[in-house]
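>>> Sequence and predicted structure are below.
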Amino acid sequence: MCRLSQEKVVKITTDVDTLRSEIKDKSVRVIDVRREEDYKKNHIPTAVNLPLANLLSDDSPERVIKLINSMGIDDETSVVVYDDTFGALASRVAWTLEYLGHSDVSLLDTTYSRWKSIGLENDNLVPEVQTKEHSLKLRPEILATSDYLESAKEKEGVILVDNRERLNFLEQHIPGAMSLPYRTLATQDKILRPKEDMKRLLDNRGISGDTEIITYCGSVGTLSGLAYYALKSVGLPNVKLYVRSFKEWKGLSKPTEKQEEANYWDLSAE
Amino acid sequence: MYFEFYEPKFPISKIYNRNQRHWFVLTLSNLKQHRPKSRKGKINWARSQEADHFANTVKLYRQGKYDADSFRRFRLQHGAYGTRLTSDYAMVRIKLPAGEIYPHQLEKLSQLSEQFSIGSAHFSTRENIQLHWVVLEDVSEIFRGLAEVGLTTREACGNSIRNVMCSPLSGVCPDEEFDSTPYALATARFFLRNPMAQNLPRKFKFNFTCCEKHGMVRMVDVGLIPQTRQQEGSTQKGFKVFLGGGLGNKSFVGYQLEEFTPEEDLLFTSMAVVRIFDRIGDRKNMARNRMRYLVNEMGWEKFQNLVLKERAIVRATQSVVTRLNVDDTPNEIKRPIRISDESGSSNSDGYERWLKGNTFKQKQSGYYSVFITLEAGDITSNQLNILSELIQDFSSEGLARCGFNQDVALRFVHEDDLPRLYSQLLNAGLAKSGALTMAAPIGCSGTTSCNLALTNSHRLAKEIQRKFLELKLDEDDDLRDSSIKISGCPNSCGQHGIATIGFFGGGGRVGKDMYPNYMMQLGGRSDGETMLGISCLRVPAKRVIPVILKIIDLFKQNKKPEDDLKSWIRRVVNGIDDSEIKSMDDIKKILTPLITPPSKTDDPDFYSDYGNDTSYHTKTGKGECAA
């Protein structure tokens, strides 16, 4: 992840040390997507707050562009997003920025709790931000709608990935989906596995090359947002997020599938 | 340790450690604030290259370049079992030789269960930990993770020498002659990946124990109890060796090979038995080819002679020195240092109850073994992490031992620490009482994941445990030594044959309507007076709890002062009791009204199994025990 040698296209995550030096150089806009009250207590220095709930309350492109402008982000701004929810909420915000045409956005490679637990700097100052103008160039190629998904599923070679937990998947899922729980994507202290590890894991699952891959999860595309970045992190070029996910799919009464004739829930000690 | 940020401009920070008087580079990993390094096992059971090999073989199989039968054998040999009615998932069985598990291994299992399984793991009856509903393509990733902590799944399934068990009390039991743990570990080490044990006619099991009371040496292919004898003024170590026992569709009690098997003959005896089984065991009839059938068909005396002769040959024909690598340097016993001084809740009612039902006073003065009962062996990934921390904070030997009852024990806990341990177990949901009593039933995996299951035995065990604890039956001394064990089909993974009250699953029928039904067996035991339970009658799943409670009731009414449930049932099944209930027939008569099926309109719940809303029907796939 050395910033000097990297080519701009494949920066999925930013490591702690890089972010700290970028903050010092004032060359980055940091977005904290936790709840406002958590942000107010303390956050990474210079971070602005965009709670995911705020974004989701109306994520029409017109409104989100306004939010982006108000955070002082223009087309050239380097953005790093973080959360305290294993990267899933941050992923959903980062993906939204990408969808609206922002190209320089990455995820902090760890969570805020961990940032703090290793004694790194934080404060409760709200930075003064000068509004900027961001263009709007939607990238529909990274979005899957339910209609799109329904037709894509019929195509040869399209892979549909379900990122909910295994038991939820067994209970009900979109027909033909493959189960890849979000926990599988992370390590103990990083929101995503190292590239080689991730690549091997996905290769084993037959996910490689330029296959079209669509990710989905339970409701708003957070877990599957993380999976979107996991897949991107190994250089897979054709990944889409079904952002309205299983909640919408069920709401539309579209077909689902179940692992029948087994009482797997009774194996859980939860 | 005193930290101070030195050079904030540096991409990575440097820290000055005043204790050690040097600078070191601050990275994420060395900032982890942890307990002192936890103890690690002496033996690395893993071979990391097996992960790659497995991953490649799965790919070949999926591409159709590996036939299904060969693949199944390969998969089982590597410890991945099939899953109920699907080829997409596997169950990964991790062997814990002698039941030993270390803190860092539990941490890893916690991660793996969360990443690749269902967020829970399962302690089995044979000192394995199982991860269920794993995507077949992810199995190799689990192997990789296990190899990092020295664990293996190799030969955990298939026609091989399965996990070598040892009593969780070996080393602490007041009645043992010596600790058999090092011998169990050495035996496991000798046979693991050993060419002589890669293609046996069928699976093969070793159990070591501490004494007659705590163990299952007569219910296994080779069972071993340590014993000593005086010879020419010195004490000689050795074993009582039992051969040819086993539980299954047809169960047999093992025979003792000879009066005394000296320790130097242990390996030769084991090798001789394995070689005989390999040579003349039945490779055709998979349903009846465990070694116990061979012993039964041949007759014990003939088999015994064969073993003794074979042993002489084995002993005489080793071209190199072949011996067990027994490492009997004792584990260091070091009471963990207290950092905080919070006190536990020794005054609460729960504590006394837990103390009575879950702890065992060791032969080492001041120390206890603490048993943790898990509902049918299931534990969450979070609890696995907590368990890892509790071992480090409380066990003076720095590891845990799996029990025989889908449970786990922390040993060498100092008596002064028990209240604090209790209170931490309580916080973690790990302080269910009655671990060493009848209130801790066994349930095999049943229809939760097994291809052969006919009923949800797993859930039934949980339901019984909840009811027993609700009624505080764990506190009843008369029930303490009894047991309840449940299998979801006539095979014996739930060990129903050696339970005081045992059940195995099947289907019952009223007209065209089916309901889940269990055959109940009474009077089984696995101690020095081992016997198999005698079939009593079929009990519908939804009547199992009332029937058990009724039996307890009958016992209370008819017991003699010195009786416990176990001794009373023993007289009844042998037809020699002189109270109102003289025999099994008397019990049947009293229980019959309880088991009469209601009509489906009166009680639709009767016609569905635990964990299901829909009507019961049977559906099974192909078993792999015999594969």
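Perfect, thanks for sending it.
>>> so which helix or strand takes in residue B:94?
Using DSSP states H and E, the element containing residue B:94 is strand B:86-95.
>>> what element comes up after that strand heading to the C-terminus?
Taking DSSP H and E, what comes next after strand B:86-95 is strand B:100-101.
>>> burial measure for residue B:38, as a count.
Residues lying near residue B:38 (other C-beta atoms under 10 Å in any protein chain shown) number 18. Every residue, glycine included, has its C-beta placed from N, CA and C.
>>> contacting residues for it?
Contacts for residue B:38 (C-beta atoms under 8 Å, 6 or more residues apart in numbering or on different chains) come out as B:102-104, B:388, B:391-392, B:398.
>>> Okay, and which of the residues you listed map to helices?
Of the contacts of residue B:38, the ones assigned to helices by DSSP state H are B:103-104, B:388, B:391-392.
>>> Rebuild these as CSV, extending it with distance to chain A.
CSV is the format used below for the ones in helices among the contacts of residue B:38 (distance: C-beta to the nearest C-beta, whole Å):
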residue, distance to chain A
B:103, 15
B:104, 12
B:388, 13
B:391, 18
B:392, 17
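>>> Neighbour count and pLDDT added to these, as TSV?
Below are these laid out as TSV (neighbours: other C-beta atoms under 10 Å in any protein chain shown; pLDDT from 0 to 100):
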residue	neighbour count	pLDDT
B:103	25	98
B:104	18	97
B:388	23	98
B:391	24	97
B:392	20	96
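>>> got the residues of the stretch 101-250 of chain B near chain A?
Proximity of the stretch 101-250 of chain B to chain A, by C-beta under 8 Å from any C-beta of the partner chain, involves residues B:111, B:114-120, B:122, B:132-133, B:135, B:137-138, B:140-141.
>>> Residue B:568: which of these is nearest?
residue B:122 (33.2 Å; C-beta to C-beta).
>>> mind giving me the domain ranges of the chain?
By default, I'm working from chain A. What automatic domain parsing lists as the domains of chain A is A:8-138, A:141-267.
>>> looking at chain B here, not the other one
B:1-33, B:49-148, B:180-316, B:349-427, B:442-607.
>>> Now do the end-to-end distance for the last one.
This points to domain B:442-607. Terminal residues of domain B:442-607 lie 23 Å apart, using C-alpha to C-alpha, to the nearest Å.
>>> mean confidence score for that domain?
Throughout domain B:442-607, pLDDT has a mean value of 95.
>>> list the contacts for residue B:546?
residue B:594.
>>> could you say which helix or strand contains it?
Short version, using DSSP H and E: residue B:546 is in helix B:544-558.
>>> buried set for that helix?
For helix B:544-558, burial by neighbour count (16 or more other C-beta atoms under 10 Å in any protein chain shown) applies to B:544-545, B:547-552, B:554-555, B:558.
>>> Beyond that helix, next helix or strand please.
helix B:565-573.
>>> how about the helices in the stretch 51-200 of chain A?
A:52-57, A:61-70, A:88-99, A:112-117, A:146-152, A:166-171, A:195-204 (DSSP state H, counting those that start in this stretch).
>>> Please identify the most buried of those helices.
helix A:88-99 (a mean of 26; mean count of other C-beta atoms under 10 Å in any protein chain shown).
>>> Which of the ones in helices among the contacts of residue B:38 sits closest to residue B:331?
For these, the nearest to residue B:331 is residue B:391 (12.7 Å; C-beta to C-beta).
>>> give me every residue that touches that closest one.
B:38, B:102-103, B:106, B:398-400, B:410 are the contacts of residue B:391 under C-beta under 8 Å, 6+ apart.
>>> Distance check, it against residue B:103.
For residue B:391, the distance to residue B:103 equals 5 Å [C-beta to C-beta, to the nearest Å].
>>> Equivalent analysis for residue A:227, please.
Counting by C-beta to C-beta, the gap from residue A:227 to residue B:103 is 31 Å.
>>> circling back to that earlier point, shared neighbours, residue B:391 and residue B:103?
Common neighbours of residue B:391 and residue B:103 (C-beta under 8 Å, 6+ apart) are B:38, B:398-399.
>>> And those residues, which is closest to residue A:110?
Nearest member of the shared contacts of residue B:391 and residue B:103 to residue A:110, counting by C-beta to C-beta, is residue B:38, at 23.8 Å.
>>> Regarding the closest one, what is its secondary structure?
coil (DSSP: H, G, I helix; E, B strand; the rest coil).
>>> Skip the chain neighbours and tell me the closest residue to it.
In space, and not counting its chain neighbours, residue B:38 is closest to residue B:103: 4.0 Å by C-beta to C-beta, 6 or more residues apart in numbering or on different chains.
>>> Next, the contact list for the one you found, please.
Contacts of residue B:103 (C-beta under 8 Å, 6+ apart): B:38-39, B:388-389, B:391-392, B:398-399.
>>> Kindly provide the distance from the residue nearest to residue A:252 when sequence neighbours are not counted to chain B.
Once flanking residues are discounted, residue A:252 sits nearest to residue A:146: 5.9 Å by C-beta to C-beta, 6+ apart. Separation of residue A:146 from chain B (C-beta to the nearest C-beta, to the nearest Å): 25 Å.
>>> What of residue A:142?
Counting by C-beta to the nearest C-beta - residue A:142 and chain B are separated by 26 Å.
>>> That residue reaches residue A:96, doesn't it?
No. Applying C-beta atoms under 8 Å, one finds residue A:142 not in contact with residue A:96, separated by 10.3 Å.
>>> quick one: secondary structure of residue B:134?
Looking at residue B:134 with three-state DSSP, the answer is strand.
>>> ok, it - contacts?
Listed by C-beta under 8 Å, 6+ apart, the contact partners of residue B:134 are B:80, B:89-92, B:116-117, B:142.
>>> picking up where we left off before, of the contacts of residue B:391, closest to chain A?
The nearest member of those to chain A, counting by C-beta to the nearest C-beta, is residue B:106 at 13.8 Å.
>>> Could you check how many residues crowd around the nearest residue to residue B:171 once chain neighbours are set aside?
Among residues not flanking residue B:171 along the chain, residue B:179 sits closest, at 4.0 Å (C-beta to C-beta, 6+ apart). Counted with other C-beta under 10 Å, the neighbours of residue B:179 add up to 21.
>>> again with residue B:578
Neighbours of residue B:578 (other C-beta under 10 Å): 9.
>>> Secondary structure class of it, three-state.
Applying three-state DSSP: residue B:578 is coil.
>>> so who does the residue nearest to residue A:252 touch?
Counting by C-beta under 8 Å, 6+ apart, residue A:146 has contacts A:242, A:244, A:248-249, A:252, A:254.
>>> could I get those residues as a markdown table with pLDDT and secondary structure?
Listed next are these as a markdown table, based on pLDDT from 0 to 100; DSSP: H, G, I helix; E, B strand; the rest coil:
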| residue | pLDDT | secondary structure |
| --- | --- | --- |
| A:242 | 98 | strand |
| A:244 | 97 | coil |
| A:248 | 97 | helix |
| A:249 | 98 | helix |
| A:252 | 97 | coil |
| A:254 | 97 | coil |
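>>> Highest neighbour count among those?
residue A:242 (26 neighbours).
>>> That one contacts residue A:213, correct?
No. Contact criterion C-beta under 8 Å: residue A:242 and residue A:213 do not qualify, at 10.7 Å.
>>> Let me see the contact set for residue B:399.
With C-beta under 8 Å, 6+ apart, residue B:399 has these contacts: B:39, B:41, B:100-103, B:331, B:391.
>>> same for the lengthiest helix in chain B, what does it pack against?
Counting by DSSP H, the longest helix found in chain B is helix B:300-316. The contact analysis (3 or more C-beta pairs under 8 Å, 6 or more residues apart in numbering or on different chains; DSSP states H and E) places helix B:300-316 against strand B:234-243, helix B:266-280, helix B:291-298.
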